[in-house]
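**Student:** Give me a 3D structure for the following:
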Amino acid sequence: MGTRLEGDDVECDLIITGGTVLTMTPGSEPLADGAVAVRSGEIVAVGGATELLAQSRPATVLDAGGGIILPGFVNTHTHLAMTLLRGLADDLPLIAWLEKHIWPTERVLMDAETVALGTRLAAAECLQAGVTCVCDMYFFAERVIEAVTAAGLRAVVPEALIDFATPSCPTPEDALVKQRELLERYRSHPLVVPAVAPHSPYSVSAGNLAKEAELAEEFGAPLIIHLAETRWEAEKVKAEKGVSPVAYLADLGILSERTVAAHCVHVTEDDLDLLAEFDVGVATNPVSNLKLASGVAPVPQMLALGIKLGFGTDGAASNNTFDLLRDAQLASLLYKGISGDPTQMQARTVVEMLTIGGARVLGLADRVGTLEVGKRADVVCFALDHPRTVPVYDPYSHMAYAARSSDVRHVVVDGRVVVRDRALVGTDVEGLLAEVREAAARARRLLAT
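**Tutor:** Got it, this is the predicted structure:
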């Protein structure tokens, strides 16, 4: 992969131009007045705008209006449909939040149609925030896939497994069957990567965890799991298994380069060494962890060890948005503040974690995360048309400290324009919001009974 050779003709159907390009390739510098040429969803050239426009006849020119052009953001951990539970139960610790509010509510509310609606709402919010790829973890995976692909969002989608009945599966055995069907059906999908997802070390038995690892190994699929999220979890697993949650999964043979471990807040130095040794991808969720008072993950230490790291929002029930840029910016300031070291979590590191870092966590770095020839065209254009957005001396600094998700002007996923001039393309937003308000009214009535 690389840039187009100088002097070559460029055959393309889309050129994204009129801005400074951040390719996010190693050692790359910002490309002022750059452009990205796309054919059939694939990047075929990256270079100077004047030259590319002169040597091509694209069907569509997408003008960034003097803004910043960079890879789309990757949300490495979320629960899309839970956007319908936004604000339902706040200001609670995780276990009380889950066991007394979220899980009982899901049993009452979350059928296939509700999950589809919540996922449609989440996909719209993600795209308008510059997020082009998400790693979901929920139920009714087929309906989730229908919703994200209709919106044009790239996604890693599992059918989640817990050792009790879920809204979509009466037993863990049913979930295993659904997972296999999902892996077989969507293994070659252009936008969707099917996955397995045991909920956590404390809610899934050792036997079922082993079955999940075997299934992931058989299909070469991601294995998504909540890990070491709370002190309660760390103490519970230590008391029952004699080791930390990370060591417990390592002993079971669960950890591998395909593992996407969400949170990893309460981890020891030995745990960090294990995560690095097994090349585990860590999805850090700073806002959700802060809101639930779960703690602060040792992200700078993970970065120093070379652990794959990306940002996640978690679900909108515990965040309460899908504004991944906001979360990343907060994380940058958080680690500077608690360490007393302003050089931690530097601007380029933050932007890397939003893009190529997240792609590495999900095993998608060969497809997305950078703007270079041969990769799929997942691109976001940030506008610089607000008093807050000028001047720009360093575009990485701007993205890490000044930009807002409301500055997202255009979004392209797999070569398809899904947001143009801040408006979703092909989504009836007013109709969608009306459906969500009706669903929320029904939810209030059901929960009141």
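
**Student:** domains for this protein, by residue range?
**Tutor:** 1-71+375-449, 73-361 (automatic domain parsing).

**Student:** what residue lies at the spatial centre of this protein?
**Tutor:** Asn75 (1.4 Å; CA atoms, centre = their mean).

**Student:** hmm, back to that, what's the most buried one of the domains of the chain?
**Tutor:** The highest mean neighbour count among the domains of the chain, using mean count of other CB atoms under 10 Å, belongs to domain 73-361: a mean of 21. Where you see a C-beta, it was placed from the backbone N, CA and C, and this is true even at glycine.

**Student:** measure that one end to end?
**Tutor:** 13 Å (CA to CA, to the nearest Å).

**Student:** next one: stretch 199-210
**Tutor:** Terminal residues of stretch 199-210 are spaced 13 Å apart (CA to CA).

**Student:** where among the domains of the chain is the average confidence lowest?
**Tutor:** Comparing mean pLDDT across the domains of the chain, the lowest value falls on domain 1-71+375-449: a mean of 93.

**Student:** ok, back up a step: got TSV for the domains of the chain, with distance to Val368 too?
**Tutor:** TSV is the format used below for the domains of the chain (distance: least, CB to CB, whole Å):
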stretch	distance to Val368
domain 1-71+375-449	5
domain 73-361	5
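
**Student:** between those domains, which gets nearest to Gly369?
**Tutor:** Nearest to Gly369 among the domains of the chain is domain 73-361; the distance by CB to CB comes to 2.9 Å.

**Student:** Off-centre distance for the closest one?
**Tutor:** In terms of CA atoms, centre = their mean, to the nearest Å, the centre of domain 73-361 is found 9 Å from the chain centre.

**Student:** by contact count, what packs against the longest strand anywhere in the chain?
**Tutor:** Across the chain, the longest stretch assigned as strand under DSSP state E is strand 60-71. Packing contacts for strand 60-71, counted by 3 or more CB pairs under 8 Å, 6 or more residues apart in numbering; DSSP states H and E, involve strand 14-21, strand 379-382, strand 408-413, strand 416-420.

**Student:** packing partners for the longest helix seen in the chain?
**Tutor:** Scanning the chain for the helix with the most residues, using DSSP state H, yields helix 429-448. In terms of contacts (3+ CB pairs under 8 Å, 6+ apart), helix 429-448 is packed against helix 103-109, helix 112-128.

**Student:** quick revisit: turn the helices and strands packed on strand 60-71 into TSV, including distance to Leu275.
**Tutor:** Conversion of the helices and strands packed on strand 60-71 to TSV gives the following (distance: least, CB to CB, whole Å):
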stretch	distance to Leu275
strand 14-21	33
strand 379-382	29
strand 408-413	30
strand 416-420	34
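
**Student:** Select, out of those, the one closest to Ile224.
**Tutor:** Using CB to CB, the helices and strands packed on strand 60-71 put strand 408-413 closest to Ile224, at 20.9 Å.

**Student:** Quick one: list the elements packing against the closest one.
**Tutor:** Other elements packing on strand 408-413 under the criterion 3+ CB pairs under 8 Å, 6+ apart are strand 14-21, strand 60-71, helix 112-128, strand 131-135, strand 379-382, strand 416-420.

**Student:** rerun that using 10 Å as the cut-off
**Tutor:** When contacts are defined as 3 or more CB pairs under 10 Å, 6 or more residues apart in numbering; DSSP states H and E, strand 408-413 sits against strand 14-21, strand 60-71, helix 112-128, strand 131-135, strand 379-382, strand 416-420, strand 423-424.

**Student:** continuing past the fourth one, what's the next helix or strand?
**Tutor:** With elements assigned by DSSP states H and E, the helix or strand that comes after strand 131-135 is helix 141-151.

**Student:** Packing partners of that next one?
**Tutor:** Going by 3+ CB pairs under 10 Å, 6+ apart, helix 141-151 lies up against helix 112-128, strand 131-135, strand 154-161, helix 172-185, strand 192-198.
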